[in-house]
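# Sequence and predicted structure, then a few things I'm wondering about:
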Amino acid sequence: MALPLEEYALLGDCQTAALVGRDGSIDWLCLPRFDSAACFAALLGGPEHGRWRLNLPEPIRAARRRYRPGTLILETEFESDGGVARVIDFMSLRSDVADIVRIVEGVRGSVRMRMDLTLRPDYGAVVPWLQRTTDGVVAIAGPDLLRLRSAVPLVNENFQTSADFTVAQGQRLSFDLTWSLSHVQEPMVLDCERALADTEEHWRKWSSLCTNQSQWRDAIVRSALTLKALTYAPTGGIVAAPTTSLPEHLGGVRNWDYRYCWLRDATFTLLALMHAGYAEEARAWREWLLRAAAGKPSQVHIMYGVAGERRLPEFELPHLPGYENSRPVRIGNGAHGQFQLDVFGEVMDALHQSWRIGLDGGDHGWRIERALVDFLESNWNQPDSGIWEVRGPMRHFTHSKVMAWVAMDRAVKGVEQFGLDGPVDRWRALRDEIHADVCRHGFNADAGAFVQSYGSTLLDASLLMIPLVGFLPPTDPRVRGTVEAIERHLTRDAFVARYHMTPDVDGLPPGEGAFLLCSFWLVDNLQLLGRHDEALRLFERILQVRSDVGLLSESYDVDAGRLVGNYPQAFSHVGLINTARNLSTRGPAEDRRSS
């Protein structure tokens, strides 16, 4: 059975990622490109679907772990009656291949250890052909070749590999699992100790670039490292999470594939990287965004693959029971073809922020912006599927209209502030028209709050964005009423639900955890309203639910006291960075994104 999500740590090499549990079991590994088939899928099935376990064969007295400071190198200490052994896990940074290196170090006494390796590509569905080598084993299945090089003798039985060995104090034993394409020459043998030193130097140097010196610097650095690990280095794209189908509600059906890049994440991610001091990563993300959004505006998708792939067909894997029996397990994401009006505002805002923070927008970027605005001029008043990608009827979602206003506002500011060309008078008029439309139809006087969609009475946490993007000032009574209504009806113990789940809204059974990014948005709003002490208290409460190694998932189940949803979630860590900055400066002017 898989562990609770907070018991997993992240390994990454900026091409793919793995999750390793506190018990020493790597239960999830996607082959390079993040969205390619998993080699270890025990997280969504069981050991028979692929995993790599390295720990003690006898009862574990204690398992302590940590990341080496400023790195993605994980150290887990296992204590037994015989002594203490440390397992050092990391992914090397070689291009064109993927390596997971596990070094077992004797810390005290003499410790019996056990290794079990079950390789099952294609999400646990394929049993590869195993072949012994002088230093380990090779597994081949179609395009995939996986080679384990081991410092100890291995036993192959029933298409599985195992080893029993003892490590003494001061002894170090290395295991290296390498993936490469089966039809090309195998990569050179990795010097594991040298790779460890090089990997540590690389991550320490990168994390030292973080410019934030606030009281939350450690949390910000860990979040920045997580974002970097979720970056696909060849293109600059950042996936929402390295996993698929981790449920938003344990046992539920809201299980989606998040191994893709969402346009909606653009502005938040750009600002988070810049606020943490990572201009090159922000520039690479912007360049990915420009490539992805290029083309006919009517054909803009809400998400893409890491290289800009547009076709992300969704299907189910019935042979996998899902995390804690949460079916179905989905591959691909059917929402990629939805019309979601708000992404146009997010792209326009991200490119506007690029100009503001000194990233050269260039003529190419402005041409794309002009094309998006031209499309919006005749399509802003259409219903859409909204920020939450509902699979029910399309509606006139209030947040979507607000973001259409953002698109027009940033187009106007491009002319006013940066001397770009465009029919600014017409844009100003349309900006005013959209603003009036939202205030007329999106605000419910009886509720004293903005509501989810025109004519609805339901609240929606996405409306916390209204003051953050500059649509209305935080002191406006309608904004204050919306924040207070969300506090009363969507918030428990600092954690904010997206909206009240009803089948007529999204066509799915109700039930999910509180959305962590929305919780950060509430903190931002409280800060804007001058309620700094309350904002600080809520922020510290959210930080308490991070894993012991500083990771956040998509959501938090208040009743179960557990992280839920895909893990780790880029958007949650982006929210942490931006909100920490707001609180530390006690002035959120820049993050209101409206200048």
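That came through, no problem. The model shown is predicted, which means the values in this text are computed figures rather than measured ones.

# going forward, measure contacts and count neighbours with C-alpha atoms only.
OK.

# quick one: secondary structure of Gln340?
Classification of Gln340 using DSSP: H, G, I helix; E, B strand; the rest coil returns coil.

# Could you verify my assumption that it touches Ile302?
Yes. Between Gln340 and Ile302 there is a contact at 6.8 Å, judged by CA atoms under 8 Å.

# And the strands in the stretch 351-500 of the chain?
Remark: strands assigned in the stretch 351-500 of the chain by DSSP state E, counting those that start in this stretch are 443-444, 449-450, 491-492, 495-496.

# mind checking which of these is nearest Gly252?
strand 495-496 (19.2 Å; CA to CA).

# can you list the residues that contact the closest one?
Contacts of strand 495-496 with the rest of the structure, by CA atoms under 8 Å, 6 or more residues apart in numbering, involve 461, 486-487, 490, 514-516, 518-519, 522, 542, 556, 558.

# okay, those in JSON lines with neighbour count, pLDDT and distance to Asp437 next?
As requested, these are arranged in JSON lines below (neighbours: other CA atoms under 10 Å; pLDDT from 0 to 100; distance: CA to CA, whole Å):
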{"residue": "Ala461", "neighbour count": "27", "pLDDT": "98", "distance to Asp437": "20"}
{"residue": "Ile486", "neighbour count": "21", "pLDDT": "98", "distance to Asp437": "22"}
{"residue": "Glu487", "neighbour count": "17", "pLDDT": "98", "distance to Asp437": "26"}
{"residue": "Leu490", "neighbour count": "19", "pLDDT": "97", "distance to Asp437": "25"}
{"residue": "Ala514", "neighbour count": "27", "pLDDT": "96", "distance to Asp437": "30"}
{"residue": "Phe515", "neighbour count": "23", "pLDDT": "97", "distance to Asp437": "28"}
{"residue": "Leu516", "neighbour count": "27", "pLDDT": "98", "distance to Asp437": "30"}
{"residue": "Cys518", "neighbour count": "24", "pLDDT": "98", "distance to Asp437": "25"}
{"residue": "Ser519", "neighbour count": "27", "pLDDT": "98", "distance to Asp437": "28"}
{"residue": "Leu522", "neighbour count": "28", "pLDDT": "98", "distance to Asp437": "25"}
{"residue": "Ile542", "neighbour count": "19", "pLDDT": "98", "distance to Asp437": "35"}
{"residue": "Tyr556", "neighbour count": "26", "pLDDT": "98", "distance to Asp437": "35"}
{"residue": "Val558", "neighbour count": "16", "pLDDT": "96", "distance to Asp437": "36"}
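
# Which one of those is nearest to Leu29?
Taking CA to CA as the measure, Leu29 lies nearest Tyr556 of these, at 23.4 Å.

# Shouldn't the closest one be within a strand?
Yes. Tyr556: assigned to a strand according to three-state DSSP.

# re earlier: quick one: which of the strands of the stretch 351-500 of the chain is nearest Ala41?
Ranking those by proximity to Ala41 (CA to CA) places strand 495-496 first, at 30.2 Å.

# Within its sheet, name the partner strands of that closest one and how each one runs.
Next to strand 495-496 in the sheet, as set by DSSP bridges, lie strand 491-492 (antiparallel).

# Only C-alpha atoms, please: export the longest helix along the chain in PDB.
Using DSSP state H, we find that the single longest helix of the chain is helix 398-418. Provided in PDB are the C-alpha atoms of helix 398-418 (Å, rounded to 0.1, in the frame of the first residue of the first chain):
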ATOM      1  CA  THR A 398     -17.300  35.900 -13.300                       C
ATOM      2  CA  HIS A 399     -13.600  35.200 -12.900                       C
ATOM      3  CA  SER A 400     -13.300  34.500 -16.600                       C
ATOM      4  CA  LYS A 401     -14.800  37.900 -17.400                       C
ATOM      5  CA  VAL A 402     -12.500  39.600 -14.900                       C
ATOM      6  CA  MET A 403      -9.500  38.100 -16.700                       C
ATOM      7  CA  ALA A 404     -10.900  39.300 -20.000                       C
ATOM      8  CA  TRP A 405     -10.800  42.700 -18.400                       C
ATOM      9  CA  VAL A 406      -7.200  42.100 -17.400                       C
ATOM     10  CA  ALA A 407      -6.300  41.300 -21.000                       C
ATOM     11  CA  MET A 408      -7.700  44.600 -22.200                       C
ATOM     12  CA  ASP A 409      -6.200  46.500 -19.300                       C
ATOM     13  CA  ARG A 410      -2.700  45.200 -20.000                       C
ATOM     14  CA  ALA A 411      -3.100  45.900 -23.700                       C
ATOM     15  CA  VAL A 412      -4.000  49.500 -22.800                       C
ATOM     16  CA  LYS A 413      -1.000  49.800 -20.400                       C
ATOM     17  CA  GLY A 414       1.300  48.400 -23.100                       C
ATOM     18  CA  VAL A 415       0.500  51.500 -25.200                       C
ATOM     19  CA  GLU A 416       0.500  53.900 -22.200                       C
ATOM     20  CA  GLN A 417       3.600  52.700 -20.400                       C
ATOM     21  CA  PHE A 418       5.800  51.200 -23.100                       C
END
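
# Domain-wise, how is this protein divided?
Taking automatic domain parsing as the criterion, the chain consists of the domains 5-184, 207-592.

# Go through those domains and name the closest to Asp198.
Checking the domains of the chain against Asp198 by CA to CA gives domain 5-184 as the closest, at 8.4 Å.

# Packing partners of the helix or strand of the chain with the lowest mean pLDDT?
When each helix and strand of the chain is scored by mean pLDDT, DSSP states H and E, helix 503-506 comes last, with a mean of 74. Packed against helix 503-506, as judged by 3 or more CA pairs under 8 Å, 6 or more residues apart in numbering; DSSP states H and E, are no other helices or strands.

# ok, back up a step: quick one: closest of the domains of the chain to Glu200.
Glu200 sits nearest to domain 5-184 of all the domains of the chain, at 6.3 Å, using CA to CA.

# Go ahead and measure how far that closest one is from the middle of the chain.
How far domain 5-184 lies from its chain's middle: 23 Å, per CA atoms, centre = their mean, to the nearest Å.

# for the nearest residue to His49 once chain neighbours are set aside, what are its contacts?
Using CA to CA, 6 or more residues apart in numbering and skipping residues adjacent in sequence, the residue nearest His49 is Gly124, 4.0 Å away. Residues in contact with Gly124 (CA under 8 Å, 6+ apart) are Ala38, Cys39, Phe40, Ala41, Ala42, Glu48, His49, Gly50.

# Please repeat the previous calculation with a cut-off of 10 Å.
Shown here is Gly124, whose contacts under the criterion CA atoms under 10 Å, 6 or more residues apart in numbering are 37-42, 44-51, 118, 319-320.

# residue ranges with poor pLDDT in the chain?
361-362, 503, 586-595 (pLDDT under 70).

# what do you get if the cut-off is 80, keeping everything else the same?
Across the chain, the ranges flagged by pLDDT under 80 are 1, 58-62, 96, 360-363, 501-511, 585-595.

# Could you point out the helix or strand that follows the longest strand along it?
With DSSP state E applied, the strand covering the greatest number of residues in the chain is identified as strand 98-118. Next along the chain after strand 98-118, taking DSSP states H and E as the criterion, comes helix 121-124.

# Pull the residues that contact the helix or strand just after that following helix.
Counting by DSSP H and E, the element after helix 121-124 in chain order, helix or strand, is strand 129-133. Strand 129-133 is contacted from outside by 119, 137-142, 145-149, 154-161, using CA under 10 Å, 6+ apart.

# Which ones among these map onto strands?
137-141, 145-149, 155-157, 160-161.

# Weed out the non-buried ones from those residues.
When the ones in strands among the contacts of strand 129-133 are checked for burial by 16 or more other CA atoms under 10 Å, the buried set is Val137, Val138, Ala139, Ile140, Ala141, Leu145, Leu146, Arg147, Leu148, Arg149, Gln160, Thr161.

# so which of these comes closest to Arg395?
The closest of these to Arg395 turns out to be Ala141 (CA to CA; 46.2 Å).

# how near is the residue lying closest to that closest one once chain neighbours are set aside to Asp122?
Counting by CA to CA, 6+ apart, Pro128 is the residue found nearest to Ala141 once chain neighbours are left out, at 4.8 Å. Pro128 sits 10 Å away from Asp122, going by CA to CA, to the nearest Å.
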